[in-house]
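Asks: Take this sequence and fold it.
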Amino acid sequence: MPIQTPIRGLRAFCIASKCLSFKHAAAQLYLTPSAVSHQIKQLEAQLGMSLFKRGTRTIELTSDGKQFYQSIHPIINQLESTISQFTTKQQNQTIVISLPEFFASELFVPQLSEWSELNPDINLQLETIRTGTSPTNTADLSIVLANSKPVGSISHDLFPIRYVAACNKKLYTKLKHLGLDALKQTPLILHKARPWSWHQWADNVGIDDFSPKQIVQFDSMFGVARAAQQGMGIALIPLPLSKSWFNEELLVKIFEEELNTQDRYYLIQHEHMDDRNELELFANWVTNTFSDEYV
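Replies: Below is the predicted model:
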């Protein structure tokens, strides 16, 4: 009799492959990191191959893992899309919210249990997007990052973000005695949506001859934070989004100076949400949760 592979194990593998973290995959799946790790170990045992290289606090895909992800990810996406199309239960009580993936993982999901306990009859569908990408057309509400209040829509101001220079403990120990000269000794990491952010930081600090050794850009904040955590260099990390990385000492500030910009998060209501009480209820919860606590 053929062995059946649980769909949940494949989904856990795909999410962990995307964010390279059992912890963040667990947050998206509403599981514990150990449960995600167990599901993936079962999948590896069935396949007879290692899908991840496991470090003390990091994971990365093996060559077999990369090939398996490329093959299975489109299938899981199609399966979830098909299930979503055929799900009609409480259709008029489902809220679709589009939001940046790093915001979702680091801030939104950790607070979501509060909403779920208060509103068990209202379904949520989260659609995560990369920073700088437009919200999906199917969303009822969107959380966006912008340097000014969005024009032409109903929007609610949430909170500003600031950027700090950070690296892992090992690199911090190596560079801390150099002061600002450390910027010339190691790559500087940033998000490609803000290609001049290191130069802005240097201007604010008063560095006249800013000449970094190398600048490395990533197209996701996960990539920026993970590269710094793995010791690749010093990154500009957004706060308060990344506070758990500092609380868990995955990252440490190498300089106290911060870069304050006009970047703020906004909640946007779309025109087609009129006369839906659940949307107003959810919008109020978002603004109350992410306005006061995170400013």
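Asks: how would you label the residue nearest to Ser105 when sequence neighbours are not counted: helix, strand or coil?
Replies: Leaving aside its sequence neighbours, Ser105 sits nearest to His24 (Cβ to Cβ, 6 or more residues apart in numbering; 5.1 Å). The C-beta positions use only the backbone N, C-alpha and C, and glycine is treated the same way. Secondary structure for His24, judged by DSSP: H, G, I helix; E, B strand; the rest coil, is helix.
Asks: Distance check, His24 against Ser81.
Replies: Distance, His24 to Ser81, by Cβ to Cβ, to the nearest Å: 22 Å.
Asks: who's more crowded, those two?
Replies: His24 (23 against 9; other Cβ atoms under 10 Å).
Asks: where does Ala193 land in three-state SS?
Replies: Classification of Ala193 by three-state DSSP places it in coil.
Asks: I'd like the mean pLDDT over the longest strand along the chain, please.
Replies: Longest strand in the chain, counting residues (DSSP state E): strand 252-269. Computed over strand 252-269, the mean pLDDT rounds to 92.
Asks: before we move on, what about stretch 23-36?
Replies: Averaging pLDDT along stretch 23-36 gives 90.
Asks: if I look at the residue nearest to Ser105, how far off is Gly233?
Replies: From His24 over to Gly233 the distance is 21 Å, taken as Cβ to Cβ.
Asks: For the stretch 101-250 of the chain, which segments are assigned as helices?
Replies: Here the stretch 101-250 of the chain has its helices, by DSSP state H, counting those that start in this stretch, at 101-103, 109-118, 169-175, 197-205, 221-229, 243-247.
Asks: Just put those helices in TSV and tack on mean neighbour count, distance to Phe282 and mean pLDDT.
Replies: Converted to TSV, the helices of the stretch 101-250 of the chain look like this (neighbours: other Cβ atoms under 10 Å; distance: least, Cβ to Cβ, whole Å; pLDDT from 0 to 100):
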stretch	mean neighbour count	distance to Phe282	mean pLDDT
helix 101-103	23	16	92
helix 109-118	13	7	91
helix 169-175	15	39	96
helix 197-205	17	32	93
helix 221-229	23	24	95
helix 243-247	15	24	94
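Asks: Check whether His38 sits in a helix, strand or coil.
Replies: helix.
Asks: got the domain boundaries for the chain?
Replies: The chain breaks down by automatic domain parsing into domains covering 7-85, 92-160+264-291, 161-261.
Asks: Which of the ones you listed has the lowest mean pLDDT?
Replies: Among those, domain 92-160+264-291 scores lowest, with a mean of 85.
Asks: contacting residues for the most centrally placed residue in the chain?
Replies: With distances taken as Cα atoms, centre = their mean, the residue of the chain nearest its centroid is Phe102 (1.8 Å). Taking Cβ atoms under 8 Å, 6 or more residues apart in numbering as the criterion, Phe102 is in contact with Thr131, Ser220, Met221, Phe222, Ala225, Pro238, Leu241.
Asks: now stretch 233-241, how far from the centre of its chain.
Replies: Relative to its chain's centre, stretch 233-241 lies at 12 Å (Cα atoms, centre = their mean, to the nearest Å).
Asks: next one: stretch 141-156
Replies: 19 Å.
Asks: Endpoint to endpoint, that stretch covers what distance?
Replies: End-to-end span of stretch 141-156 (Cα to Cα, to the nearest Å): 11 Å.
Asks: in that stretch, what's buried?
Replies: By neighbour count on 16 or more other Cβ atoms under 10 Å, the buried set for stretch 141-156 is Leu141, Ser142, Ile143, Val144, Leu145, Ser155, His156.
Asks: Nearest to Glu258 among those residues?
Replies: Nearest to Glu258 among the buried residues of stretch 141-156, counting by Cβ to Cβ, is Leu145 at 17.1 Å.
Asks: Tell me how far the closest one lies from Leu99.
Replies: Using Cβ to Cβ, we find Leu145 at a distance of 10 Å from Leu99.
Asks: Just the CA trace of stretch 217-236, in CSV.
Replies: Output of stretch 217-236 as CSV, limited to C-alpha atoms (Å, rounded to 0.1, in the frame of the first residue of the first chain):
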residue,chain,number,x,y,z
GLN,A,217,20.5,44.7,-1.7
PHE,A,218,17.7,42.3,-1.1
ASP,A,219,14.2,42.3,-2.4
SER,A,220,12.6,41.3,0.9
MET,A,221,13.1,42.4,4.5
PHE,A,222,13.3,38.7,5.5
GLY,A,223,16.4,38.6,3.3
VAL,A,224,17.9,41.7,4.8
ALA,A,225,17.4,40.6,8.4
ARG,A,226,18.4,37.0,7.8
ALA,A,227,21.6,38.0,6.0
ALA,A,228,22.6,40.2,9.0
GLN,A,229,21.7,37.5,11.4
GLN,A,230,23.9,35.0,9.6
GLY,A,231,26.9,37.4,9.7
MET,A,232,27.0,38.7,6.2
GLY,A,233,27.4,42.3,7.2
ILE,A,234,25.6,45.3,8.9
ALA,A,235,22.0,45.9,7.9
LEU,A,236,19.5,48.7,8.3
